[in-house]
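Visitor: Take a look and give me a structure for this.
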Amino acid sequence: MNMPELDVLTLGNAIVDVIAHTDDAFLVSEKLHKGSMNLIDEARAEDLYARMGQAAIISGGSGANTAVGAASLGARAGFIGKVREDELGRIYRHDMNATGVRFETAYAAADGPATARSFILVTPDGERTMNTYLGACQNLTPDDIDAATVQGAAITYLEGYLWDPPAAKEAFRKAVSIAHGAGNKVALTLSDSFCVDRYRAEFLDLARTGALDILFANIHELKALYETADEDTALAALREEGHPDRDFLAVVTRSERGSLIVSRAGTHAVDAYPPEAIVDLTGAGDLFAGGFLAGLTRGLDHIACARLGAMAAAEVISHIGARPQRSLKEMAEANGLLG
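Guide: Numbers count the residues shown, from 1 in each chain. Model prediction:
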């Protein structure tokens with residue numbers, strides 16, 4: 001068997017993050033539900049940007065953040081996502097490649113929507129409220145899925161947010177088919193409770209038909225998936241998921257309570273990694289997934305993978321922005337987490 005060219009290949013929305021500190025009063029005045037992810041149009045994007053405070057501009061997007069986290073731990077990572085060749089799009093491509101993540105997706109049409117941006121409002125408790133103009137990132141199509149790239153990736157990771165656009169959904173399905181045809185694994189993150197509400201049946205079908213090998217979710221998304229307020233009920237249902245002929249693994253994050261590794265064989269709890277500070281929760285789940293997948297492709301056991309993920313999440317919540325500001329590999333080595 002040929003060695004994979006990439007350890008982790010992620011598919012997701014290519015979004016530039018515009019991040020600003022605010023308070024609860026501003027959220028109320030703008031009629032924003034704290035902790036939510038709201039889709040907005042270009043006019044609302046311009047209006048919100050004019051009203052919010054001083055902001056930091058950082059390349060982001062859930063799947064892209066996961067790729068960057070994996071790369072920071074030494075994994076060979078790639079990303080498939082769509083930007084336009086405008087100012088933000090060129091910055092985005094530069095930023096991705098500068099982190100060591102392979103990003104070669106063709107630019108979106110010059111006469112189409114602008115590069116996506118997400119206005120992230122961070123309250124003093126570290127909670128983030130996202131208002132996202134999707135723009136060009138929704139124009140991902142099956143033509144953007146290069147068969148050789150997917151065949152050469154040990155794990156292909158899909159961002160649930162991209163399940164909305166029909167063409168992107170077909171791109172996902174194409175990637176799943178190619179990955180499994182090459183004997184590789186496929187992972188999905190549920191992304192958001194509202195995303196789960198829209199596509200609950202389809203996400204469950206992906207697990208039950210064998211399209212997924214690994215599922216990532218936070219506890220709120222998991223309860224939304226099974227339409228229950230009871231954690232134990234949701235976990236019991238999760239243990240029964242997956243196709244009978246394929247191994248299925250689920251990883252559930254629970255903020256300061258750590259994570260759970262769930263399979264038919266049982267459930268294992270892993271403690272959270274203590275952060276130096278809690279400044280901005282943006283990207284915590286993305287970096288957890290990046291750490292977990294980087295560990296998995298190194299051959300670490302699931303507990304060790306979850307510890308790597310927890311460390312990566314702790315680093316990213318200690319500062320503004322959803323990308324690590326120090327080498328996660330050096331951090332992991334210093335803490336004895338890479339074996």
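
Visitor: from memory residue 215 sits against residue 207, does it?
Guide: Yes: using C-beta atoms under 8 Å, residue 215 is in contact with residue 207, at 6.2 Å. C-beta: built from backbone N, CA, C; applies to glycine.

Visitor: who's more crowded, these two?
Guide: Here residue 215 and residue 207 are set side by side on neighbour count (other C-beta atoms under 10 Å), and the busier one is residue 215, at 25 against 21.

Visitor: Can you show me the strands along the stretch 101-250 of the chain?
Guide: For the stretch 101-250 of the chain, the strands identified by DSSP state E, counting those that start in this stretch occupy 102-103, 116-122, 128-133, 153-159, 185-189, 214-218, 249-253, in order along the chain.

Visitor: Just name the most buried of those strands.
Guide: For the strands of the stretch 101-250 of the chain, the largest average neighbour count (mean count of other C-beta atoms under 10 Å) is found in strand 153-159, namely a mean of 26.

Visitor: Give me the sheet partners of that one and which way each runs.
Guide: Partner strands for strand 153-159, per DSSP bridges, with pairing direction: strand 6-11 (parallel), strand 185-189 (parallel).

Visitor: That strand versus strand 214-218: what angle between them?
Guide: Per axes from the mean of the first three to the mean of the last three C-alpha atoms, to 10 degrees, the angle that strand 153-159 makes with strand 214-218 is 40 degrees.

Visitor: which residues of this protein fall in helices?
Guide: For the chain, the helices identified by DSSP state H occupy 24-29, 42-51, 62-72, 87-98, 147-151, 166-181, 193-208, 219-225, 231-238, 284-297, 302-316, 328-334, in order along the chain.

Visitor: what residues do residue 215 and residue 207 have in common as contacts?
Guide: Taking C-beta atoms under 8 Å, 6 or more residues apart in numbering as the contact definition, residue 215 and residue 207 share the neighbouring residues 241, 248.

Visitor: Please report how far residue 25 lies from residue 118.
Guide: 22 Å (C-beta to C-beta, to the nearest Å).

Visitor: Same check on residue 248?
Guide: To residue 118, residue 248 is 31 Å away according to C-beta to C-beta.

Visitor: Please apply the same query to residue 62.
Guide: 10 Å.

Visitor: Using TSV, lay out the strands paired with strand 153-159 together with distance to residue 240 and mean pLDDT.
Guide: Supplementary listing: these in TSV, determined by distance: least, C-beta to C-beta, whole Å; pLDDT from 0 to 100:
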stretch	distance to residue 240	mean pLDDT
strand 6-11	27	98
strand 185-189	17	98
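
Visitor: Those strands: which one's closest to residue 200?
Guide: The closest of the strands paired with strand 153-159 to residue 200 is strand 185-189. By C-beta to C-beta, the value is 13.2 Å.

Visitor: Just want the angle from that closest one to helix 62-72.
Guide: Interaxial angle, strand 185-189 versus helix 62-72 (the same axes, to 10 degrees): 120 degrees.

Visitor: Mind listing residues that contact strand 185-189?
Guide: Residues external to strand 185-189 that are found in contact with it (C-beta under 8 Å, 6+ apart): 62-63, 66, 154-160, 175-176, 179-180, 203, 206, 211-217, 285-286, 289, 293.

Visitor: sorry, back to before: and of the strands paired with strand 153-159, who's closest to residue 336?
Guide: Ranking the strands paired with strand 153-159 by proximity to residue 336 (C-beta to C-beta) places strand 6-11 first, at 21.1 Å.

Visitor: where in this protein is pLDDT low?
Guide: Within the chain, the stretches with pLDDT under 70 are 1-3.
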